[in-house]
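*Asks:* Pasted the sequence and its predicted model underneath.
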Amino acid sequence: MKSKGDYRKIERRFFQGLIFLFLLIAGVFYYLRNIHFAFIFFGAFLAGIFFVWVIKLLGLNERYSLLIIGALWLDLLGEAGGFYRNWVYYDKILHFIDPIFIAMAVKDYLKKYKIKYESFVVISVIMGFLAFFEIFEYFIEAFFGFPMLGVLNSNSKVIISPIVDTMWDLILGLLGTLTYLFISWKFNSK
């Protein structure tokens, strides 16, 4: 007889499978309409598989894979729903929220090792991840011509320059991480 924990594990895997299936189907659909969207959907699909694999490899709780997939969904919603171009602050909100999800997983992983300066390591890992992501955005635009840098409006006019956009993305990622660490510290100190 299966325990309650077994059923929850099956339920989580079922929902993860549904999410990946949706991404795959949506990627094919958008490929037929627009190569830019196909690239983004398939990239999110591969990123989702990669993050789930890393989370399992590190032995972390599966809830982190759901948070990461949720972050990818928010990114896809921004692209498919036009939020990146029609609502300037959508990107900034994601750059604040997404590092919180990653910081949760990093902090949980570091608990195993009882590191003295855990918060500093979490901040360093998140800032490294954010820097890697900004470099990735640069290469996507440089090699494939997809507009990833700066903030554009619905008429493709630059509202925020690429360098200012990148700096604010990094600053908001740092603020999101610090916010999570502060809240985590407050709850753990009680």
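*Replies:* Ah, there it is.

*Asks:* Pull the residues that contact stretch 122-142.
*Replies:* Residues outside stretch 122-142 that contact it (CB atoms under 8 Å, 6 or more residues apart in numbering): 95, 99, 102-103, 106-107, 110, 146-149, 166, 169-170, 173-174, 177-178, 181. Quick note: C-beta positions are derived from backbone N, CA and C, even for glycine.

*Asks:* what does stretch 109-118 give?
*Replies:* Residues from elsewhere that reach stretch 109-118, judged by CB under 8 Å, 6+ apart: 58, 60, 107, 121, 122.

*Asks:* Can you verify residue 115 is assigned to a helix?
*Replies:* No: Residue 115 is assigned coil when assessed by DSSP: H, G, I helix; E, B strand; the rest coil, not a helix.

*Asks:* Quick check: chain neighbours aside, which residue is closest to the residue nearest the centre of the chain?
*Replies:* Most central in the chain under CA atoms, centre = their mean is residue 71, positioned 4.4 Å from the mean C-alpha point. With CB to CB, 6 or more residues apart in numbering as the measure, residue 98 is the residue that lies nearest to residue 71, at 4.6 Å, once sequence neighbours are left out.

*Asks:* Also residue 63?
*Replies:* Once flanking residues are discounted, residue 63 sits nearest to residue 12: 7.8 Å by CB to CB, 6+ apart.

*Asks:* can you give me the strands for this protein?
*Replies:* Using DSSP state E, the strands of the chain run over residues 151-152, 158-160.

*Asks:* For this protein, which segments are assigned as helices?
*Replies:* 4-33, 35-57, 63-80, 83-86, 90-110, 118-144, 162-189 (DSSP state H).
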